[in-house]
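Enquirer: Here's a sequence, model it:
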Amino acid sequence: MSKSHAFRPRISRQIGNLLTSILPLLSLLLFSGCRQHPPDPGTVVFLIESSPTSLDPRIGSDAQSEHIQPLLFDCLVVRDASFRMAPGLAERWETPDPLTVIFHLRNGIRFSDGRPLTSRDVLWTLNSMRDGTIITAKAASYAAVKSIEAPDPATVILHLSHPDNFLLNNLSTGAMGIVPWGSGRDFWKHPIGSGPFRFVSQEIDKEVVVDRNPFAHSENAGPHPVERVRFAVVPDAITRALELRKGSADIASNAIPADMLPVLAREPHLQIKSIGGTQVQYLAFNTTDPLLRDIRVRQAIACAIDRNLIIRTLLGGHAKPSLSLLPQQHWAYTGDVAQYAYDPTRARALLEQAGYQPDAKGIRIHLTMKTSTDDGTRLLAATLQQQLAAAGIALEIRSFETATFLQDLNRGSFQIYGLRWVGGNEQPDIFGYAFSSARIPPRGANRGRYRNLQLDALLQDANESTDQQRRTADYLQAQQLLARELPAINLWYQDTILVHNRRLSSITVSPSASFEFLRTAQLQP
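Expert: Coordinates of the predicted model:
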């Protein structure tokens, strides 16, 4: 029996032992105590793992911010289920030439404080990001915008310096939101938008409270809409499960580990809904690091990871391996890329080629992976630590609270980290945002400082070309290049799993795990 096959059952037993140690504690907690109900039956308690970093839609780009912001803010356009653009605040738009886009705003739109929303607010929102009034990584998304006009309250004209195929996407839900004229750097403290809900309060690391916006436009909320939501920050996974079981919380989205779902499924007052997701779990490397700048080291790490085993054990089968950041149904997706099957022998050979010899304990290199304090992330890191050891890679794990963790990533103070792409990976401009030489923080999310002039040229051509076949070919080459060089490893598409109290109905689960079902969800009186 080869060493790689001999190691597989040992890994399985180790992961199994880890899960076994959790389940008795979970069961003890879940089945102890008396069931209770939320203090305010009119408030929906939504469990989240961490506080949003900023509810200013011009700034916040972490998962919690991007989930909550669309409830508070509207955008010029929205994306439908097929990733096509549809009217939002703009009831229509036209492009008389490739360098001009004219938006016509709907009449009667108001912010949650009653102020009219006009073209002046749109102009301020975009210019405040472009001129440095607000420091944000999103500013680079509007680099093609040369100037903006607001000739009347209902018209916005964007003049471009060059064609930009992703401009509409960057003006859509989740990418940004329209804020009132004059909103400055402290806007995040009390944000005001025109979305279906309005901001009430926020206490960092505790909660965010929103309620229904009385000025929301065309909101068909149904006979018993959700009027108030408290996003309760609960970092511990077992506590989240306990709160759902007791009835003191109502919803958790992608926040309950797979091994806890069967226990909650037995509760008559809870319902679990699942759908194939578009969120991609990934590992990213600091490509300026002396060890990780070598492609062979990054490829060795990819070969040392048994994704299928992790999906079966840690995720309970609620995921599927990913070969790209894009969803498989996207027009620009390709699976025709270099692949790295689980093969510790090949991993060791790659490290050997890179010049790393094993010490007396078989260790060839020492690396550090930074994580947040989220239980699921730390459990994944512990599993990777075990798997990489078989290839002679000693992985140290360091966990930090979310704000510190993200600050370190943006500064490039890491070797390896793991995160998920949420929603933003549904369009191919994600490749530029994550890997373009021009999008190193604070101008984007190229936290690994990856630089490749060939990739930059492909992405620029795809962004500006009007030939769809040419764009498709550009993205094919870009995905193949990224798969060879591995500035990051795409691990899997995570299913969207929603656990909710049955007092809530009319809930539609989205592949991107959006919270926008709260717009039309019904709360039993």
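
Enquirer: gap between His318 and Pro257?
Expert: For His318, the distance to Pro257 equals 10 Å [C-beta to C-beta, to the nearest Å]. Any C-beta I mention is one placed from the backbone N, CA and C, and that applies to glycine too.

Enquirer: Return the distance of Val499 relative to Ala302.
Expert: When C-beta to C-beta is the yardstick, Val499 and Ala302 sit 32 Å from each other.

Enquirer: quick one, which of the two is more surrounded?
Expert: Val499 (27 against 23; other C-beta atoms under 10 Å).

Enquirer: my guess is the more buried one is in a strand, correct?
Expert: Yes: assigned with DSSP: H, G, I helix; E, B strand; the rest coil, Val499 falls within a strand.

Enquirer: Pretty sure it sits against Ala252.
Expert: Yes: between Val499 and Ala252 there is a contact at 5.1 Å, judged by C-beta atoms under 8 Å.

Enquirer: anything in contact with each of the two?
Expert: When C-beta atoms under 8 Å, 6 or more residues apart in numbering defines a contact, the residues bordering Val499 and Ala252 alike are Leu244.

Enquirer: still on that earlier bit, residues shared between the contacts of His318 and Pro257?
Expert: What both His318 and Pro257 touch, as defined by C-beta under 8 Å, 6+ apart, is an empty set.

Enquirer: so what does whichever strand or helix holds Phe431 touch, helix or strand wise?
Expert: Following DSSP states H and E, one finds Phe431 within helix 430-435. For helix 430-435, the elements it packs on are helix 453-464, helix 468-485, judged by 3 or more C-beta pairs under 8 Å, 6 or more residues apart in numbering; DSSP states H and E.

Enquirer: For Gln202, find the nearest of the ones you listed.
Expert: Nearest to Gln202, of all those, is helix 453-464, at 35.9 Å by C-beta to C-beta.

Enquirer: residues touching Lys273, list them.
Expert: Contacts of Lys273 by C-beta under 8 Å, 6+ apart are 497-498, 500, 507, 509.

Enquirer: Give the residue spans of the stretch 51-200 of the chain that score low on pLDDT.
Expert: Within the stretch 51-200 of the chain, the segments meeting pLDDT under 70 span 81-82.

Enquirer: Swap in 80 and give it another go.
Expert: Scanning the stretch 51-200 of the chain for pLDDT under 80 picks out the ranges 80-84.

Enquirer: Enumerate every residue touching the residue nearest to Ser119 when sequence neighbours are not counted.
Expert: Spatially, and ignoring its direct neighbours in sequence, Ser119 is nearest to Ala150 (3.7 Å; C-beta to C-beta, 6 or more residues apart in numbering). For Ala150, the contact set (C-beta under 8 Å, 6+ apart) comprises 118-120, 122-123, 156-157.

Enquirer: swap the cut-off to 10 Å and go again
Expert: By C-beta atoms under 10 Å, 6 or more residues apart in numbering, the residues touching Ala150 are 105, 118-124, 156-157.

Enquirer: which of the residues in the helix or strand harbouring it are buried?
Expert: With elements taken from DSSP H and E, the one containing Ala150 is strand 145-152. Within strand 145-152, the residues that count as buried by 16 or more other C-beta atoms under 10 Å are 145, 148, 150.

Enquirer: do the same with stretch 364-377
Expert: Neighbour-count burial for stretch 364-377 [16+ other C-beta under 10 Å]: 364-365, 367, 369-377.

Enquirer: Same question for stretch 490-506.
Expert: Buried residues in stretch 490-506 (16+ other C-beta under 10 Å): 490-501, 503-504.

Enquirer: If I look at Leu323, what pLDDT would I see?
Expert: The model reports Leu323 with a pLDDT of 95.

Enquirer: Please name the nearest non-neighbouring residue to it.
Expert: Closest to Leu323 by C-beta to C-beta, 6+ apart is Gly335, at 4.9 Å.

Enquirer: can you pull the contacts of the closest residue to Ala237 other than its chain neighbours?
Expert: Computed as C-beta to C-beta, 6+ apart, the closest residue to Ala237 that is not its neighbour in sequence is Asp375, at 4.1 Å. Taking C-beta under 10 Å, 6+ apart, we find Asp375 in contact with 22, 49, 235-240, 255, 257.

Enquirer: quick check, nearest of those to Gln385?
Expert: Nearest to Gln385 among the contacts of Asp375, counting by C-beta to C-beta, is Ile22 at 16.9 Å.

Enquirer: where along the stretch 101-250 of the chain do the helices fall?
Expert: Using DSSP state H, counting those that start in this stretch, the helices of the stretch 101-250 of the chain run over residues 119-130, 237-246.

Enquirer: buried stuff in the first one?
Expert: I take that to be helix 119-130. 119, 121-130.
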